[in-house]
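Undergrad: after the sequence you'll find the predicted model.
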Amino acid sequence: MPQLRARDLIRDEPPVTATPDETLLDAARKLAEHNIGSLPVVDDQGRIVGIVTERDIVHQLAARGPEALNMKLADVMTRELVTASPDEPIPQLAQKMIQHGIRHIPVVDNKRHVLGVVSIRRILRHILAENEWP
């Protein structure tokens, strides 16, 4: 059986993204609406420039209170990104996530366009399915 790669774990529909001008409230609504835990932030060319996670929103709310929801994503997004190529093997993705302490990894093409996001949950589901765990 061929080894699965990042492209095999991303969804077929276009990824949910945000722009740097959107607010934390906008991001929170998208995360809730789509039942996802992270949101790649893209520039006007569709290239990834950052990422915002549920945890980022919680930290800002704890530090600043409700007014944090009006902050622009450009001011709170993580800019030093860990990304994956579509051809990266799943074990390599998992290793990157462990090494960097992250739960979501954007999969990007060679022009840095977001193809999807792989979560640690999706990787675990794959591992459990492969090993036929109860």
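TA: Noted; the coordinates are in hand.
Undergrad: which element is residue 61 on?
TA: Residue 61 is part of helix 54-64 when elements are defined by DSSP states H and E.
Undergrad: how about that helix as PDB, C-alpha atoms only?
TA: In PDB, the C-alpha atoms belonging to helix 54-64 read as follows (Å, rounded to 0.1, in the frame of the first residue of the first chain):
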ATOM      1  CA  GLU A  54      -8.600  29.100  18.500                       C
ATOM      2  CA  ARG A  55      -5.900  29.300  21.100                       C
ATOM      3  CA  ASP A  56      -4.700  32.700  19.700                       C
ATOM      4  CA  ILE A  57      -8.200  34.000  20.100                       C
ATOM      5  CA  VAL A  58      -8.500  32.800  23.700                       C
ATOM      6  CA  HIS A  59      -5.100  34.300  24.600                       C
ATOM      7  CA  GLN A  60      -6.100  37.700  23.200                       C
ATOM      8  CA  LEU A  61      -9.400  37.600  25.100                       C
ATOM      9  CA  ALA A  62      -7.700  36.700  28.300                       C
ATOM     10  CA  ALA A  63      -5.200  39.500  27.900                       C
ATOM     11  CA  ARG A  64      -7.400  42.200  26.500                       C
END
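Undergrad: end-to-end on stretch 31-38?
TA: By CA to CA, to the nearest Å, the extent of stretch 31-38 from end to end equals 7 Å.
Undergrad: now do the buried residues in it.
TA: Within stretch 31-38, the residues scored as buried using 16 or more other CB atoms under 10 Å are 31, 36, 38. For glycine as for every other residue, the C-beta is placed from the backbone atoms N, C-alpha and C.
Undergrad: and for stretch 110-122?
TA: Residues of stretch 110-122 classed as buried by neighbour count (16+ other CB under 10 Å): 112, 114-120, 122.
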